[in-house]
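> below are the sequence and a predicted model for it; my questions follow.
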Amino acid sequence: MKTISLYFEIHQPIHLKRYRFFDIGTDHYYYDDYENERVTQETAERSYLPALRTLLDMTLQYGKGFKVAFSISGVSLEQLEQYAPEVLDVLQQLNETGCVEFLAEPYSHGLSSLGNVENFQAELKRQAKKIKQLFGQMPKVVRNSSLIYNDEIGSIVSEMGFKGMMVEGAKHILGWKSPHYVYSCAQDARLSLLLRDYKLSDDISLRFSDSSWPEFPLMADKYIGWIKDLPQEESVVNIMMELSALGIYQPLDSHILDFLRALPAIAPDEIRFATPSEVIAKNKPVGPLEVAYPVSWNDEERDTSSMLGNNLQREAFNKLYDEKIVGRILACRDRRIQQDWDRLQATDNFRFMTTKNNGIGIYRGIYENEYDAFTNYMNILGDFLKRVKDLYSDAVENDELNSLYTQIANMGNELNVKDNEISRLRARLEKYEPTEDNKDAEPAKAKAARKPAARKPTTAKKAAPAKKAAPAKKAAPAKKAPAAKKPAKDKK
Amino acid sequence: MKVLMFGWEFPPKIYGGLAVASYGITKGLSLQGDVETTFCMPRPTGEEEKFLKIINMSQVPVVWRDVNYDWIKDRFVGHTAEDYYRFRDHLYADFNYLQGLDDLGCIGFAGGYPGNLHEEINNFSIIAGVLARSEQFDMIHAHDWLTYPAGVHAKMVSGKPLCIHVHATDFDRSRGKVNPTVYSIEKNGMDHADCIMCVSELTRQTVINQYHQDPRKCVAMHNAVYPLSEEITGIVPRKNPDEKVVTYLGRITMQKGPEYFIAAAKRVLDRSHNIRFCFAGSGDMMHAMIDLSAAYGIADRCHFPGFLRGRQVYECYKSSDVFVMPSVSEPFGIAPLEAMQCGCPCIISKQSGCGEILSNVIKVDYWDIDAMANAIYSICTNDALHSYLAEEGIKEVDRITWEKVGLRIRECYNQLMTKGWFDNEEYLQAVKAIK
């Protein structure tokens, strides 16, 4: 029996406007609203809406026989909310069918997994929370920007409590192994890895309408036939692509949506569709997969060279993830800074600066060449970094910030101790007087006991409340109190 | 294969890019081993390199004079007394009416670009007639509009194919308001030519559209740059680590767009405090530029060293952090290539011919002062960009050699010799191998 796990990524770059160096210090708005609006609406019209409606029809038609997964970057969610909310409506309808799973990814679709661990964790949490807010599902599987993965990232994600992660099924990490099994993270066996079958995925997303391709035209029965012909032990086929492949890269008049519609119909009984979580639940990892160097789904090399391959990109990356900067940003509550931080991290900014010559024309947005992209980005970064530095004067050096962190960490520990005590007391009370009254009184008392304990840091330093995110992560991911407090705080 | 080449400048006598290009082309051809070039120029210094034969047009007779061999044998610069006698045997008309003939029966040339330029061009073509009748050659190659009449005359006399090399057109020099006399000389040369080699695609389009030539006859033959000698690579520049230097090197004239550079300098200096601007070169607009920099209030950071020669040029490149060429219309522009050889990142205008073959440079429109200022600031501030452009620039420029240009020109000659006429499409197919 084979399982197909179909997954689509929704992300559009946020276009920066042309920003000259003499705007540094005076102009703090970096975005090309016209372009963003135009691109979001165009993509929604040409790709997202038709594709999502087709998928919705399929879920309604096949009931539980067709499952699909999505992940949407936080910044794109904001863009869709602003310029194309009908896409979110269709996603809601899809969600209600119960056949759809949403994954978590870094809020900014950025490279913080390679740059700054705390930031990466904060972003995943934020994204997960937003998904829960919109769709009522808490993501259990992570999909990093451009499917960047290595062992450290895997262990970080697993520590946070996620069950699985999507990884590119690149030849150089698999070797002789096949991507059609579930593997586990080499550093933390609790994390299951789902590997993308790039041949089958790219057949749809890159080659479907290419008339010079030997397999053109690709019919649903031929495709299902390939999957059926796989060896019997190979039970998992992960097909992952961007949603804009259906409509933008592969135009709709190539009948790609009809192809998609036909897949579950043609699939025989032994081929099922499942969401990533179901795949992880039903299939035990067959072994660990070692990935020492970051792997991604970009280009032939399947690594980070298109984003961090040359000096220019590395310079921008180092400036962006400078420790002092990240520290200040995580500690502050300025919404504009947070929004700019999200948008500037996106991998697209780095891809525009690539000097790789891979034959196909590189899309660079408004930029003419990589130097133009670099110059523009560095100008904007210059202004942004200046604003961040001005948040806390340079006098607030790392030492002070560090002491703030330690204070917060200590408070977090205290909270843990108190929580443990409370659960112990509760358990004891259970044993001796398991009556209804006590049962009700105890939780109330526990809550009352918790509240003051939790409130203590609030009255403390100003920076501390925002840093509650840090101790919450450091303690244990499943701590209810800080997590429950966060929505209350954020509504400030 | 013998080529009769007409030119106006040759190193060490350099007035501009023409001398450098002529040298490069002839050297590139000579490297193939079986091409013999005879270079005819108005007034060589005698210190030219010996890999090609130089004919001194000021010492070619146009009238018969009875002179003693011993008397004259040491007076020749470029060619020899034997050549003189051979030329004298091929006089074709009575030019005794000409004024200024010397005792050898030759017309003198000033050597550069004097006031009576048109008269000199005419004389040049007269002398070309003598040469065409006395020399043996398979091909005629005329460099720049000054020598086109000579080339045409030689073709009419000998019947051999004529290649003309368009280093610049009057449209570039005058920004659209052409001089009718010059235009007519250029057009005449192009009409008679069998192959028109333009130094860039930009120039080629000008030739096709403004001079109404057949596109198949026109080919874009980009210039190249010579590898630096050891002496030059050994120059250690004196750089102030706290300051950045932005350089403009070239003739300060309307065509090169110096006023845009000054305006961009003003924008940069408004927001920075450690950048200096250097204007090397001289020209008819130099004083106007000095006045302009004073008017903008940036005269304390703008420096005008004047015309630089030889080694000074490379010292200037090496001590600069950015090189800017904001030309309004540049047929090719060898200066950025030289700057890149010295490891200096370049900003060039999109309206220059060299931009067609360079990719590790920043290209802006010449009028876009904001973009230019932005790019200057970026290279000065972001060391990563500076070092990237410098390194990649050196690698790119090392691939652009005169040897390859020589091979391409040889390809053109071959086509003309075998077919009798030139087809650009066929040429493009043939030179795909030369990368």
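Noted; the coordinates are in hand.

> what residues go with each domain of chain A?
Here the domain parsing of chain A from automatic domain parsing is A:2-289, A:310-391, A:398-490.

> spit out the contact partners of the residue in the stretch 1-150 of chain B that chain A sits nearest to.
Closest residue of the stretch 1-150 of chain B to chain A, CB to the nearest CB: B:Gly17 (25.9 Å). (Glycine included, C-beta is placed from N, CA and C.) For B:Gly17, the contact set (CB atoms under 8 Å, 6 or more residues apart in numbering or on different chains) comprises B:His167, B:Asn223, B:Phe332, B:Gly333, B:Ile334, B:Ala335.

> in a markdown table, list the residues you listed along with pLDDT, neighbour count and secondary structure.
Listed next are those as a markdown table, based on pLDDT from 0 to 100; neighbours: other CB atoms under 10 Å in any protein chain shown; DSSP: H, G, I helix; E, B strand; the rest coil:
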| residue | pLDDT | neighbour count | secondary structure |
| --- | --- | --- | --- |
| B:His167 | 93 | 23 | coil |
| B:Asn223 | 93 | 23 | coil |
| B:Phe332 | 91 | 27 | coil |
| B:Gly333 | 89 | 24 | coil |
| B:Ile334 | 90 | 21 | coil |
| B:Ala335 | 91 | 28 | helix |
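
> chain A: which of those is nearest?
Looking across the contacts of B:Gly17 and measuring by CB to the nearest CB, the closest to chain A is B:Gly333, at 18.7 Å.

> run through the residues that contact the closest one.
B:Gly17, B:Met325, B:Ser327, B:Ile348, B:Ser352, B:Gly353, B:Cys354.

> can you say which of those are buried?
With burial judged by 16 or more other CB atoms under 10 Å in any protein chain shown, the buried subset of the contacts of B:Gly333 is B:Gly17, B:Met325, B:Ser327, B:Ile348, B:Ser352, B:Gly353, B:Cys354.

> in space, what's closest to the closest residue to chain B within the stretch 351-492 of chain A - neighbours in sequence excluded?
Residue nearest to chain B within the stretch 351-492 of chain A: A:Thr375 (3.9 Å; CB to the nearest CB). Among residues not flanking A:Thr375 along the chain, B:Ser378 sits closest, at 3.9 Å (CB to CB, 6 or more residues apart in numbering or on different chains).

> for the one you found, what is the enclosing helix or strand?
helix B:369-381 (DSSP states H and E).

> what residues does that helix touch?
A:20-22, A:371, A:374-375, A:378-379, A:382, B:244, B:246, B:260-261, B:263-265, B:267-268, B:271-272, B:274-275, B:321-322, B:324, B:326, B:345, B:347, B:362, B:364-365, B:385-386, B:389.

> show me those that map onto strands.
In strands, defined here by DSSP state E, the members of these are B:Lys244, B:Val246, B:Ile275, B:Val322, B:Val324, B:Ile347, B:Ile362, B:Val364.

> which of those sits closest to chain A?
After measuring these against chain A - CB to the nearest CB - the closest member comes out as B:Ile362, at 5.2 Å.

> of the ones in strands among the contacts of helix B:369-381, which ones also sit close to chain A?
With CB under 8 Å from any CB of the partner chain as the criterion, the ones in strands among the contacts of helix B:369-381 include B:Ile362 near chain A.

> by neighbours, which of the ones in strands among the contacts of helix B:369-381 wins?
Each of the ones in strands among the contacts of helix B:369-381 was scored for neighbours by other CB atoms under 10 Å in any protein chain shown, and B:Val324 scores highest at 31 neighbours.

> pretty sure that one contacts B:Ala263?
No - B:Val324 lies out of contact with B:Ala263 (CB atoms under 8 Å); the separation is 11.8 Å.

> other SSEs contacting the lowest-mean-pLDDT helix or strand in chain B?
Here the helix or strand of chain B ranked lowest by mean pLDDT, DSSP states H and E is helix B:170-174, holding a mean of 83. When contacts are defined as 3 or more CB pairs under 8 Å, 6 or more residues apart in numbering or on different chains; DSSP states H and E, helix B:170-174 packs onto helix B:180-192, helix B:201-210.

> got the contact list for the residue of chain A at minimum distance from chain B?
Minimum separation of chain A from chain B (CB to the nearest CB) falls at A:Glu315, amounting to 3.5 Å. A:Glu315 sits next to A:Met378, B:Asn382, B:Asp383, B:Ala384, B:Leu385 when contact means CB under 8 Å, 6+ apart.

> report the contact partners of the fourth one.
Neighbour list for B:Ala384: A:Asn311, A:Leu312, A:Arg314, A:Glu315, A:Phe374 [criterion: CB under 8 Å, 6+ apart].

> 10 Å instead?
Contacts for B:Ala384 (CB atoms under 10 Å, 6 or more residues apart in numbering or on different chains) come out as A:Asn310, A:Asn311, A:Leu312, A:Gln313, A:Arg314, A:Glu315, A:Ala316, A:Asn318, A:Lys319, A:Phe374, A:Met378.

> likewise for the last one?
For B:Leu385, the set of contacting residues under the criterion of CB under 10 Å, 6+ apart consists of A:311-312, A:315, A:353, A:370-371, A:374-375, A:378, B:345, B:362, B:375, B:378-379.

> look up phi and psi at B:Asp144.
The phi and psi values for B:Asp144, taken as degrees, to the nearest 10, are phi 70, psi 150.

> that one: how many residues sit nearby?
Counted with other CB under 10 Å, residues neighbouring B:Asp144 total 20.

> what does B:Lys50 give?
Residues near B:Lys50, counting by other CB under 10 Å: 6.

> please, where are all the strands along the chain?
No chain specified, so I'll use chain A. A:2-10, A:68-72, A:100-102, A:141-142, A:164-168, A:182-185, A:192-196, A:236-242, A:271-273, A:288-289.

> wrong chain, I was asking about chain B
B:2-6, B:36-41, B:53-56, B:139-143, B:162-166, B:195-198, B:218-220, B:244-249, B:275-280, B:302-306, B:322-325, B:346-349, B:362-364.

> got the angle between the second one and strand B:139-143?
In this case it means strand B:36-41. 40 degrees (axes from the mean of the first three to the mean of the last three CA atoms, to 10 degrees).

> from chain A, how far out is the nearest residue to B:Ser329 once chain neighbours are set aside?
Leaving aside its chain neighbours, B:Ser329 sits nearest to B:Asp172 (4.3 Å; criterion: CB to CB, 6+ apart). Separation of B:Asp172 from chain A (CB to the nearest CB, to the nearest Å): 24 Å.

> I'd say A:Phe384 and A:Asp322 touch.
No - using CB atoms under 10 Å, A:Phe384 is not in contact with A:Asp322, being 11.7 Å away.

> got any ranges where chain B has weak pLDDT?
Scanning chain B for pLDDT under 70 picks out no residues.

> show me what from it comes close to chain A.
Residues of chain B that fall close to chain A, judged by CB under 10 Å from any CB of the partner chain: B:267-268, B:270-272, B:345, B:347, B:350, B:359-364, B:370-371, B:373-389, B:391-392.

> residue contacts, A:Ser112?
When contacts are counted by CB under 10 Å, 6+ apart, A:Ser112 touches A:106, A:118-124, A:144-145, A:320-321, A:326, A:341, A:345.

> which ones, among the residues you listed, also lie beside chain B?
The subset of the contacts of A:Ser112 within reach of chain B, by CB under 10 Å from any CB, is empty.

> ChimeraX command for the buried members of those residues?
Burial among the contacts of A:Ser112 is assessed by 16+ other CB under 10 Å; the matching ChimeraX selection reads:
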select /A:106,118,119,120,121,122,123,124,144,145,320,321,326,341,345
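
> can I get the strands of chain A in a markdown table including distance to B:Lys160, mean pLDDT and mean neighbour count?
As requested, the strands of chain A are exported to a markdown table (distance: least, CB to CB, whole Å; pLDDT from 0 to 100; neighbours: other CB atoms under 10 Å in any protein chain shown):
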| stretch | distance to B:Lys160 | mean pLDDT | mean neighbour count |
| --- | --- | --- | --- |
| strand A:2-10 | 67 | 92 | 23 |
| strand A:68-72 | 72 | 93 | 25 |
| strand A:100-102 | 78 | 93 | 23 |
| strand A:141-142 | 76 | 94 | 28 |
| strand A:164-168 | 64 | 93 | 26 |
| strand A:182-185 | 75 | 93 | 24 |
| strand A:192-196 | 67 | 93 | 25 |
| strand A:236-242 | 63 | 93 | 23 |
| strand A:271-273 | 77 | 90 | 19 |
| strand A:288-289 | 73 | 92 | 20 |
